[in-house]
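Novice: take a look and give me a structure for this.
(chains A and B)
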Amino acid sequence: MKKLCAVALAGVMALQAAPAGARPVSYPQGWTLMQMNEAEANWLHLHYTTDPRTSIGLKIENQGYADHVFVGGQYNRLLKRWNAPNSQGNTYLKLGLGVADGDFNHALDATKAAGFVRFAADWETRRWFTAANASVYAREGKAMTSQKARLGVAPYVADFGALHTWLMVEGNWTQNRDADQGQDAFTVTPLVRFFKGNSLLEVGYSSNDEPLFNFVYRF
Amino acid sequence: MKETSIFTTFATTILAVSAVWLAAPALAEEAETRLAAEIVAAEPALEGRVVQAEVIGMVCDFCAQSLKKVLGRKDAVSSVDISLETKLITIILNEGMALSDEEIAEAVNWAGYELAGIVRA
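Specialist: This next block holds a predicted model:
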């Protein structure tokens, strides 16, 4: 029953649209450094925006399994943006290609080709924020899928240059996390986002007892 | 889910919510937007150098930073001020220089947003 509720919650949240701040495409000729320590993964992404719809960069990602690290390039494409007087919506495609050490759940010495395809969507106003992300991550012979959704509200609406604060909750559902044991993983993470100027900081704590610490800086 | 982790998550959320609500009044800032004509009235030396553009889709600081960076690269632009409250960008031009409506629209689009209108003074 708990699992059913968790799946239902993830489904409902995924129907909401996704976050600003962590957008994979910045302004042309802008760099973005994204460092994420989340419930199910830790990653570092440095990207350069070439035009209003495209960014390319480097990605180092640890999926939360012992010594399983992906290193490679990432291509981000803004598929569609909806600009409205009081809101903005976006859909993104993210493609990664590189190499990874270790299996999903066993540390192995072999280095093999790995990659991912991710689709993300977000919609936000100055008060509300929703985001969803679906991912397929593969390493030779094995694949893992995951979905993530986030809902946020700003307790006060700040203007440009002031400190923006958001209260958010993120649901993360990963399938085939441990292929040998057939376990899936679902986590819920309440978090607080602080956003000022070119910097964004998120702090939270997940239901699997993992702290969340995310930092994004644009330059 | 373990009881301890539920408690930790719940306690973290309560603490975070309390901290933000207590700090909110001090952190919030009133939007301060002046029409181009008011700016010129206050500083006559800026006559002909103030342009205000209304932008659609600008909802966060990263949006505003994008517009500020892209417009700020223009040789004619001296400074850029932005209000998320009114969706207005105030551009101060360098003395003796000009920036056409088309150039502004192009820059706004290049930053990823849409231009709704322009006011000059």
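
Novice: below-threshold pLDDT in the chain: ranges please.
Specialist: Since no chain was named, I'll use chain A. A:1-22, A:64-67, A:102-109, A:176-184 (pLDDT under 70).

Novice: that was the other one, I meant chain B.
Specialist: Looking at chain B by pLDDT under 70, you get B:1-34.

Novice: which stretches in it count as helices?
Specialist: Secondary structure of chain B (DSSP state H): helices located at B:3-27, B:36-42, B:61-72, B:101-110.

Novice: stretch A:24-40 near chain B anywhere?
Specialist: Yes - between stretch A:24-40 and chain B, judged by Cβ under 8 Å from any Cβ of the partner chain, the touching residues are A:25-28, A:30. (Glycine included, C-beta is placed from N, CA and C.)

Novice: tell me the one among those nearest to B:F62.
Specialist: A:S26 (7.6 Å; Cβ to Cβ).

Novice: the residue in chain B that chain A sits nearest to and B:G112: what is the separation?
Specialist: In chain B, the residue that lies nearest chain A is B:G57 (2.7 Å; Cβ to the nearest Cβ). Distance, B:G57 to B:G112, by Cβ to Cβ, to the nearest Å: 8 Å.

Novice: so which of those two has more stuff around it?
Specialist: B:G112 (26 against 23; other Cβ atoms under 10 Å in any protein chain shown).

Novice: show me what contacts the nearest residue to that one once chain neighbours are set aside?
Specialist: Nearest non-adjacent residue to B:G112, counting by Cβ to Cβ, 6 or more residues apart in numbering or on different chains: A:P52, 4.6 Å away. Going by Cβ atoms under 8 Å, 6 or more residues apart in numbering or on different chains, A:P52 touches A:25, A:27-28, A:78, B:109-112.

Novice: centroid-nearest residue for chain B?
Specialist: Residue closest to the average C-alpha location in chain B (Cα atoms, centre = their mean): B:I82, at 3.0 Å.

Novice: phi, psi for the residue in chain A that chain B sits nearest to please.
Specialist: Of all residues in chain A, the one sitting closest to chain B is A:N83 (2.7 Å; Cβ to the nearest Cβ). The phi/psi pair for A:N83 (degrees, to the nearest 10) reads phi -90, psi 130.

Novice: what sits against it?
Specialist: With Cβ under 8 Å, 6+ apart, A:N83 has these contacts: B:56-57, B:113-114.

Novice: which members of the residues you listed are positioned in strands?
Specialist: Among the contacts of A:N83, the residues falling in strands (DSSP state E) are B:56, B:114.

Novice: what's the burial count for A:F116?
Specialist: 23.

Novice: again but with B:E103, I slipped
Specialist: Neighbours of B:E103 (other Cβ under 10 Å): 14.

Novice: ok, B:I92 next?
Specialist: So B:I92, with other Cβ under 10 Å, has 16 neighbours.

Novice: what's the answer for B:M97, then?
Specialist: B:M97 has 12 nearby residues by other Cβ under 10 Å.
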